[in-house]
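> Return atomic coordinates for the entry below.
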Amino acid sequence: MIDPNTTTAEIALRLKALRESMGMNEREFADKTGVDTATLDDYENSRVEIPVGFLAEAAHACDCDLTALLTGKEGHLRTYSLVRQGQGLLARRHPSYKYRRLADRFAKPGMEPFMVTVPWRPDSTASKPSQHNGEEFIYLLEGRLEVRLGEEIVLMNPSDALYFDSSTPHELRSLDNREATFLDVVL
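You can find the predicted model right below:
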């Protein structure tokens, strides 16, 4: 499990070190990961939270393990990785969401599965939409979820599944004054 004291600043330092170790300047890395240089600069200098989707994209672009970016250590299992209920690498990559990475011990997984819990919040406290390269799959387990995809709003109930292009700005909000929990797979 990730050290709960790991800060955005520590992850930002690892992100910048990864870019530099690949011999890429900010423009090259930004192009490779699908963000603009101003956003990358914000991430590398820990001025904003770094979306987990972006970290997964950066790890993929550099043939690096996401666990290495999050913790400084690499996954080591190659045949299978079993994560028991309530376990998994805790990755607080959004101010209010709780992510548990479900493939943190597997070496360079081909997808990034997470168990995500989104607390209820009133509509007036909207968060900044996330946007990154790749695709995403959400399977809602508990609660109800509002997913904003660009200008569209999708309402989800338990056992609903949603697959979308992650380059579309997306934002999640639980409904009915209770949290929502879902399986999220980032490709």
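> what residues are up against residue 74?
65, 67, 68, 107 (CB atoms under 8 Å, 6 or more residues apart in numbering). (Glycine included, C-beta is placed from N, CA and C.)
> Show me where the chain has its strands.
Ranges of strands in the chain, per DSSP state E, are 89-91, 98-101, 112-118, 135-142, 145-149, 152-156, 161-165, 170-174, 180-186.
> In a markdown table: those, plus mean pLDDT and mean neighbour count.
As requested, these are arranged in a markdown table below (pLDDT from 0 to 100; neighbours: other CB atoms under 10 Å):
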| stretch | mean pLDDT | mean neighbour count |
| --- | --- | --- |
| strand 89-91 | 77 | 20 |
| strand 98-101 | 85 | 21 |
| strand 112-118 | 92 | 21 |
| strand 135-142 | 96 | 17 |
| strand 145-149 | 95 | 18 |
| strand 152-156 | 97 | 13 |
| strand 161-165 | 97 | 13 |
| strand 170-174 | 91 | 21 |
| strand 180-186 | 95 | 20 |
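> got JSON lines for the ones you listed, with distance to residue 75 too?
Listed next are those as JSON lines, based on distance: least, CB to CB, whole Å:
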{"stretch": "strand 89-91", "distance to residue 75": "9"}
{"stretch": "strand 98-101", "distance to residue 75": "10"}
{"stretch": "strand 112-118", "distance to residue 75": "11"}
{"stretch": "strand 135-142", "distance to residue 75": "21"}
{"stretch": "strand 145-149", "distance to residue 75": "29"}
{"stretch": "strand 152-156", "distance to residue 75": "30"}
{"stretch": "strand 161-165", "distance to residue 75": "25"}
{"stretch": "strand 170-174", "distance to residue 75": "26"}
{"stretch": "strand 180-186", "distance to residue 75": "16"}
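> For residue 57, find the nearest of these.
strand 180-186 (8.3 Å; CB to CB).
> measure residue 176 to residue 150 for me?
For residue 176, the distance to residue 150 equals 24 Å [CB to CB, to the nearest Å].
> quick check: domain ranges of the chain?
Listed by automatic domain parsing, the domain ranges of the chain are 8-71, 89-186.
> Mind checking those for the one nearest to residue 78?
Ranked by CB to CB, the member of the domains of the chain that lies closest to residue 78 is domain 89-186, at 5.4 Å.
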